[in-house]
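> Curious how this folds, go ahead:
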Amino acid sequence: MHHKAISIQNLHVSYYGDEAVRDVSLAVEPGNLVGIIGPNGAGKSTFLKAMLGLIPRDKGDVEILGKPVKEVRKQIAYVPQRNDIDWDFPITVRDAVLLGTYPRLKLFRRPGKKERQWAMECLRRVGMEEFSHRQIGELSGGQQQRVFLARALAQQAEVFFLDEPFVGVDVSSEETIVKILKELCWQGKTVIVVHHDLSKANDYFHQLILLNKELIGFGAVSDVFQTDIIAKAYQGQFAFMKEMGV
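The predicted model follows:
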């Protein structure tokens, strides 16, 4: 039976007592690379975290691969914002990626040779294999983000969530990450990305979720990326108009 990758019904979320996300309903088919865009304070990260069950929702239903999130955790990979991660934690690049293999291991089994080889393969995909013995805190922002993408790849998940993966990341890391996200979609995986820069939305994504506390637009990039629809979300924040070249 064919399941939607993500199905959301009437999602409401409060943040410190304020309504942050209001009545969002949408469904994403598998194999799509979806950008969540909208102005600062629009609730994009809150929306992502609520989908994943990382913060409570006031009401609404979220299904991933046709099931409640807690039943399909192993199928979900999450790359948080870089400022949500403790970079002083003393762990090597390889061990950070090896953590991604844990959801697949039988209870209480330590990663073995097969997992270590797979972790190195994932590092190779993101171009970070020669850094495997470095501490994660020594890396640049772009390198750190590649390592966390490698960790997500190591999980062999079906649905990937990335929260602002391009903040503080160099251009070549950004290109590497986008290429890998597109490859995941070609393999039938689904990728959801909170993204703040409108200028690349056209090149990066198949679909856009345009959010400003409520859902302003959802669909193919060409449908959502219209001046009047974007303007509705950004209400008078006209700097973005120049970014879009409108």
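
> by contact count, what packs against the top helix by length along the chain?
Assignment by DSSP state H gives helix 171-186 as the longest helix of the chain. In terms of contacts (3 or more C-beta pairs under 8 Å, 6 or more residues apart in numbering; DSSP states H and E), helix 171-186 is packed against strand 33-37, helix 141-154, strand 159-163, strand 190-194, helix 201-204. Quick note: C-beta positions are derived from backbone N, CA and C, even for glycine.

> show me where this structure has helices.
Going by DSSP H, the chain shows helices at 44-51, 93-98, 113-125, 141-154, 171-186, 201-204, 221-224, 227-234, 239-244.

> From the rest of the structure, what touches the longest one?
Surrounding helix 171-186, the residues in contact under the criterion C-beta atoms under 8 Å, 6 or more residues apart in numbering are 31-33, 125-127, 141-143, 145-146, 149, 153, 160, 162, 165-166, 169, 191, 193, 203-204, 206.

> One more: stretch 68-77?
Contacts of stretch 68-77 (C-beta under 8 Å, 6+ apart): 51-53, 62-65, 100, 103-104, 151-153, 155, 157-161.

> can you rerun that using 6 Å?
The contact list for stretch 68-77 (C-beta atoms under 6 Å, 6 or more residues apart in numbering) reads Gly53, Ile64, Leu65, Pro103, Ala152, Gln155, Ala157, Glu158, Val159, Phe160.

> In TSV, list the residues you listed along with neighbour count, pLDDT and distance to Phe218.
Formatted as TSV, the contacts of stretch 68-77 follow (neighbours: other C-beta atoms under 10 Å; pLDDT from 0 to 100; distance: C-beta to C-beta, whole Å):
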residue	neighbour count	pLDDT	distance to Phe218
Gly53	15	93	21
Ile64	27	97	17
Leu65	18	97	19
Pro103	15	68	29
Ala152	26	95	24
Gln155	21	93	27
Ala157	23	95	23
Glu158	19	96	21
Val159	23	97	17
Phe160	23	97	19
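
> wait, doesn't Pro39 sit right on Lys232?
No - with contact defined as C-beta atoms under 6 Å, Pro39 does not reach Lys232; the gap is 10.9 Å.

> Please say which of these two ends up with more neighbours.
Between Pro39 and Lys232, counted using other C-beta atoms under 10 Å, Pro39 has the larger neighbour count: 19 against 13.

> since we're on the closest residue to that one other than its chain neighbours, how many residues are nearby?
Closest residue in space to Pro39, ignoring its immediate chain neighbours: Tyr234 at 5.1 Å, by C-beta to C-beta, 6 or more residues apart in numbering. Counted with other C-beta under 10 Å, the neighbours of Tyr234 add up to 21.

> Repeat that for Ala20.
Per other C-beta under 10 Å, the neighbour tally for Ala20 reads 21.

> dump the residue contacts of it.
Ala20 makes contact with Val13, Gly43, Thr46, according to C-beta under 6 Å, 6+ apart.

> which residues sit against stretch 23-35?
4-11, 181, 185, 188, 190-193, 195, 201, 205-208, 215, 218.

> Out of those, which end up buried?
4-8, 11, 181, 185, 190-193, 195, 201, 205-208, 215, 218 (16 or more other C-beta atoms under 10 Å).

> how close does the residue sitting furthest away from the middle of the chain sit to Ala119?
Distance from the C-alpha centroid of the chain peaks at Lys113, with 29.0 Å (C-alpha atoms, centre = their mean). Note on Lys113: its distance to Ala119, by C-beta to C-beta, to the nearest Å, is 11 Å.

> now swap in Ser173 and tell me
Between Ser173 and Ala119 the distance is 19 Å, computed by C-beta to C-beta.

> cool, and Asn212?
Per C-beta to C-beta, Asn212 is found 40 Å from Ala119.

> Which of the two has more residues huddled nearby?
Between Asn212 and Ala119, Ala119 has the larger neighbour count (other C-beta under 10 Å), namely 26 against 19.

> Next up, the contacts around the more buried one.
Counting by C-beta under 6 Å, 6+ apart, Ala119 touches Arg94, Val97, Leu98, Ala154.
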